[in-house]
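Chemist: Quick one: sequence and predicted model below, then my questions.
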Amino acid sequence: MNTAVDWRRDLHRHPELGFTEFRTASRVAGALADLGWDVVTGPDAMVAGERLGVPLEAELDAAYERARAEGGDPRFLPAMRGGHTAVVAMLRGSGQGRAVGLRADMDALPIVESSGSGHRPTRDGFASRWSGAMHACGHDGHVGMALELAQRLTADPPPGPVSIFFQPAEEGGRGGRAMAPTGLVDGIDLFVAVHLGLSLPTGALAPSIDGLLANSKLRAVFHGRSAHAALAPQDGRNALLGAASATLALQGLTRVAGHQTRVAVGRISGGTSSNIVPDAAEVLLETRADDGDVNADLEARARAMLAGAAQMHGLTVEVELIGSVTTARADPSATEAVTAAGRAVGLRVVEPAADSAVASDDATALMRRVQASGGAATYVGLGADLAGPHHTPSFDFDEAALASGVDLLERLVRG
């Protein structure tokens with residue numbers, strides 16, 4: 001039997017970005033099919049038209065071929081081609097118990113992992129083999145826990161049905177919104193999304209983390225006109241200057257009193273040479289807020305600033321929504337169920353860390369769908385001591401948390 005740690009380390013060596021999780025998703029599907037679970041993959045597990053920020057075809061094809069060469073399961077890879085990397089696995093229970101759904105996100109981040117001797121994945125030989133991508137948020141651990149749980153439940157079926165939603169593209173807020181409309185979460189009585197770390201120590205459990213922020217991620221592409229920067233600068237229209245003006249304006253976007261809000265520009269790029277007026281530039285940015293309407297207002301004002309910067313410099317700008325996350329709040333019954341399960345397996349129930357409720361997670365789309373169909377849902381923080389912060393090259397977590405996480409989920413499923 002592969003443990004959660006075994007799975008985690010294999011996936012850590014092979015990190016895949018959103019909608020390119022071909023190796024990860026196909027191996028997950030294969031493992032669960034071999035256990036006898038009913039498996040739904042490809043377009044049946046997500047609504048293709050609801051995906052945002054899908055990589056270019058060339059990038060998808062390259063990732064697919066890499067997965068095929070590096071151990072992807074050929075039984076499931078073909079259905080995933082083109083970025084259809086969601087997997088839903090279902091096990092019928094032995095009786096009439098409540099239906100439980102669990103979310104495990106699969107994607108990595110575009111980060112170059114630390115190669116320092118003090119970084120445990122490097123020291124112990126399971127650091128990323130694929131430069132430019134890294135599991136720097138714990139998603140590899142989430143998948144590992146879900147797969148060890150599936151093995152336990154196969155050997156001793158629970159009283160009610162269990163569904164595990166292996167979600168692509170959590171980073172950027174893209175995968176959950178594409179899985180929710182399939183209706184595969186409809187009819188679930190209790191839905192739980194677990195996240196490792198979040199400033200909680202190993203052995204701690206936060207049964208509900210409310211306050212996850214709504215989030216809009218935008219890509220703005222400015223178009224101008226190139227010219228010789230010395231001989232005819234007046235003939236040019238500097239797209240990079242427009243992008244820079246927009247970036248400065250966005251950082252000064254007025255926040256909203258009484259609400260948690262965030263605005264960030266994460267990347268600005270453009271131009272080719274110091275003596276050429278750049279004719280194209282790109283800005284990647286996001287807005288966040290603790291209320292969906294407030295975030296929508298921030299997004300609208302950000303779009304107006306982008307348009308204004310373009311007009312000021314004689315440019316045009318195209319703005320694309322590449323990620324979108326809503327808010328959600330836990331149901332008391334779900335929180336109580338997680339609390340009871342956590343205490344039963346020896347976890348210490350705590351309040352969420354102060355800084356854990358200012359991020360976003362598109363598990364909220366699945367939570368809201370479950371709640372709309374009459375079920376209860378919660379977002380859970382599972383403590384794991386961190387060697388480096390989330391989303392940094394030095395990120396790593398205490399793998400001892402994985403075993404207690406599997407125990408928690410098993411107890412929850414068995415009621």
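Modeler: Sure thing, it's come through.
Chemist: Tell me the helix or strand right after the helix of greatest length in the chain.
Modeler: With secondary structure taken from DSSP state H, the chain has its longest helix at helix 292-312. Downstream of helix 292-312, the next assigned helix or strand under DSSP states H and E is strand 316-325.
Chemist: Would you mark the buried spots in that following strand?
Modeler: Buried residues in strand 316-325, counted by 16 or more other Cβ atoms under 10 Å: Val317, Val319, Ile322, Gly323, Ser324, Val325. All C-beta atoms are positioned from the backbone trio N, CA, C, and that covers glycine.
Chemist: Now do the contacts for the most centrally placed residue in the chain.
Modeler: Per Cα atoms, centre = their mean, the C-alpha nearest to the average position across the chain is that of Glu170, at 1.7 Å. Neighbour list for Glu170: Gly18, Asp105, Met106, Asp107, His139, Gly176, Asp361, Asp362, Ala363 [criterion: Cβ atoms under 8 Å, 6 or more residues apart in numbering].
Chemist: Please state the backbone phi and psi of the second one?
Modeler: For Asp105, the backbone dihedrals are phi -90, psi 150 (criterion: degrees, to the nearest 10).
Chemist: Which helix or which strand is home to the closest residue in space to it that isn't next to it in sequence?
Modeler: The shortest distance from Asp105 to any non-neighbouring residue, by Cβ to Cβ, 6 or more residues apart in numbering, is to Glu170 (3.8 Å). Using DSSP H and E, Glu170 is not contained in any helix or strand.
Chemist: Also Arg177?
Modeler: Element membership for Arg177 (DSSP H and E) is helix 175-179.
Chemist: Could you pull out the buried residues of that helix?
Modeler: Under the neighbour-count criterion of 16+ other Cβ under 10 Å, helix 175-179 has Gly175, Gly176, Arg177, Ala178, Met179 buried.
Chemist: would you turn these into CSV with pLDDT?
Modeler: Below are the buried residues of helix 175-179 laid out as CSV (pLDDT from 0 to 100):
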residue, pLDDT
Gly175, 96
Gly176, 96
Arg177, 95
Ala178, 96
Met179, 98
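Chemist: quick one: the helices in the stretch 251-400 of the chain?
Modeler: Along the stretch 251-400 of the chain, counting by DSSP state H, counting those that start in this stretch, helices occupy 292-312, 332-344, 363-372, 400-414.
Chemist: Would you tell me which of these gets closest to Glu286?
Modeler: helix 292-312 (8.9 Å; Cβ to Cβ).
Chemist: for the closest one, packing partners?
Modeler: Helix 292-312 sits against strand 214-223, helix 239-251, strand 261-270, strand 280-289, strand 316-325, with contacts defined as 3 or more Cβ pairs under 8 Å, 6 or more residues apart in numbering; DSSP states H and E.
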